[in-house]
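Engineer: Dropping the sequence and predicted coords here.
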Amino acid sequence: MRYLTFALAKGRLAKKTMALFEQLGITCEEMKDKETRKLIFVNEDLKLKFFLSKASDVPTYVEYGAADIGVVGEDTILEEGRNIYEVLDLGFGACKMCVCGPESAREKLQHGELIRVASKYPGIAKDYFYNKKYQTVEIIKLNGSVELAPIVGLSEVIVDIVETGSTLKANGLAVLEEVCDLSARMVVNQVSLKMEQERIRKLIRDLRNVTQDN
C-alpha cells in the first residue's frame, strides 16, 4: 500500500487538523516533539505521511501531487487559484473576508468610484470588485499590516480577513462590505482522488461525521 501524503498549513490550522484526525484514530507522535527538526512525519501503521508548509504553498504541493491531500484556509485556496478539488469544510478557523475602511469610504463604494484598494489578497480583491461589483479599482498588494493603508492615505479601503474586528475598531476602521465566509478546507489532488478513491472517500466520510458531531 502506498503512503497518503498530507500537506498542512503551519501553526494553529495544523494543530487543529491533527486534533481532528486524532478523533479518527489518526495520530502522528513525531509531530508533537517541539524540538524536532524533521520535515516529514510518518505513521507507518496507517501508511500516512505529513508535512508542514507555509499556507500559500499548500495548494501548490497538492496541485503538483507532492501531497495527495492538503488542509488550508479558504482564503489561500481562493487567492492561489490552483487546479485542485475542494472536498470538505472542516468548520474551524471561521472568519470573513471583508472590505474595510473608514466610514467616509462607504459612499465611494456605493457610488462605484475609482478607488485604491490595499490587500494581501490581490486576487480575491480583484475578483470581488471586477467580477461581482463591476467596479474599477486600483489594487495595491501589501504583505504586512494592511490596516495602515487607509490611515496613512495609501488606499481608501482594504480587503482583509476579519475575525473579531477589534483591530479595525482600534484603528478607526469598520467592515463596509462582506466578500465571503472563510474556514479551514480539505483539498485533494485530482489524480490522487482517482487512484486512492476508496481511502480518500472513507477519510472524507469519517471527517464529515466528526465535524458534524463537534
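Structural biologist: Nice, I can see it.
Engineer: Where does the record place the domain boundaries for the chain?
Structural biologist: Residue ranges of the domains in the chain are recorded as 4-93+183-213, 95-180, according to automatic domain parsing.
Engineer: Dump the ones you listed to a markdown table, plus mean pLDDT and mean neighbour count.
Structural biologist: The C-beta positions use only the backbone N, C-alpha and C, and glycine is treated the same way. Supplementary listing: the domains of the chain in a markdown table, determined by pLDDT from 0 to 100; neighbours: other C-beta atoms under 10 Å:
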| stretch | mean pLDDT | mean neighbour count |
| --- | --- | --- |
| domain 4-93+183-213 | 93 | 17 |
| domain 95-180 | 96 | 17 |
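Engineer: Show the residue spans covered by the helices in the chain.
Structural biologist: In the chain, helices defined by DSSP state H lie at 12-22, 58-63, 74-80, 106-110, 122-126, 148-152, 166-170, 190-195, 197-213, listed in chain order.
Engineer: Nearest to residue 88 among the ones you listed would be which one?
Structural biologist: For residue 88, the closest of the helices of the chain is helix 197-213, at 5.5 Å, according to C-beta to C-beta.
Engineer: tell me what the closest one is packed against?
Structural biologist: Counting contacts by 3 or more C-beta pairs under 8 Å, 6 or more residues apart in numbering; DSSP states H and E, the secondary-structure elements packed against helix 197-213 are helix 12-22, strand 85-89, strand 184-188.
Engineer: Quick one: the helices of the chain as a markdown table, columns for distance to residue 159 too.
Structural biologist: Shown next, in a markdown table, are the helices of the chain (distance: least, C-beta to C-beta, whole Å):
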| stretch | distance to residue 159 |
| --- | --- |
| helix 12-22 | 21 |
| helix 58-63 | 19 |
| helix 74-80 | 10 |
| helix 106-110 | 11 |
| helix 122-126 | 4 |
| helix 148-152 | 10 |
| helix 166-170 | 13 |
| helix 190-195 | 29 |
| helix 197-213 | 28 |
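Engineer: quick one: which of the ones you listed is nearest residue 182?
Structural biologist: Comparing those by their distance to residue 182 (C-beta to C-beta), the top pick is helix 74-80, with 4.4 Å.
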